[in-house]
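Enquirer: Quick one: sequence plus predicted model below, questions after.
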Amino acid sequence: MRLRDQRISPHFRWREFEDRHTGKAVPIECRPGVRRLCEEVLEPMRAKLGPCHVWSGYRTEATNRAVGGAPRSHHVYTWWPDSPAADVSFQGQPPHEAAAVAEELGVGGLGQYLTHIHVDQRPGKVRW
């Protein structure tokens, strides 16, 4: 079985975190951080909110620039291997509900947008 088809956790697969523009897989040195994000944040959120869609996970530096990502984005996993980011939404749930659950879980980085939220496990709290 190819890596992209393998499960990270019960409800998430590696393909959901690939760079959407290049198709590049999550670098090997960043995989423990992604596994921790899935197990400690995304799985508990899914248990409360229902099915989850990952809009954006890993980005290369070039992809991050192309999409207008933050200059030190946690989506560039090679910069932040211990605190990778994911932009996610939950079926039938407004972003403010997902943000409230993420807040309860104590995520470090939390951004709320019209259609999704950004979560990461950086140390300390950053909100936008």
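Expert: Everything's here; your move.

Enquirer: Report the beta-bridge partners for the most centrally placed residue in the chain.
Expert: For the chain, the residue sitting closest to the mean C-alpha position, by CA atoms, centre = their mean, is Ala86 at 1.5 Å. Ala86 has these beta-bridge partners by DSSP bridges: Val119.

Enquirer: I'd assumed Phe17 was in contact with it.
Expert: Yes. In this structure Ala86 lies within contact range of Phe17 using CB atoms under 8 Å: 7.1 Å. Any C-beta I mention is one placed from the backbone N, CA and C, and that applies to glycine too.

Enquirer: Overlap of the contact sets of those two?
Expert: Shared contacts of Ala86 and Phe17, defined by CB atoms under 8 Å, 6 or more residues apart in numbering, are found at Val54, Gly57.

Enquirer: Return the residues in contact with the nearest residue to Cys38 once chain neighbours are set aside.
Expert: Using CB to CB, 6 or more residues apart in numbering and skipping the chain neighbours, the partner closest in space to Cys38 is Ser9 (4.1 Å). Neighbouring residues of Ser9 by CB under 8 Å, 6+ apart: Arg35, Cys38, Glu39, Leu42, Glu43.

Enquirer: Quick check, pLDDT for Ser9.
Expert: With respect to pLDDT, Ser9 scores 98.

Enquirer: Equivalent analysis for Asp19, please.
Expert: pLDDT at Asp19 comes out at 98.

Enquirer: ok, now which ones touch Pro81?
Expert: With contact taken as CB under 8 Å, 6+ apart, Pro81 is in contact with Pro27, Glu29, Cys30, Pro32, Gly33.

Enquirer: try Ala25
Expert: Neighbouring residues of Ala25 by CB under 8 Å, 6+ apart: Leu3, Arg4, Trp14, Glu18, Tyr58.
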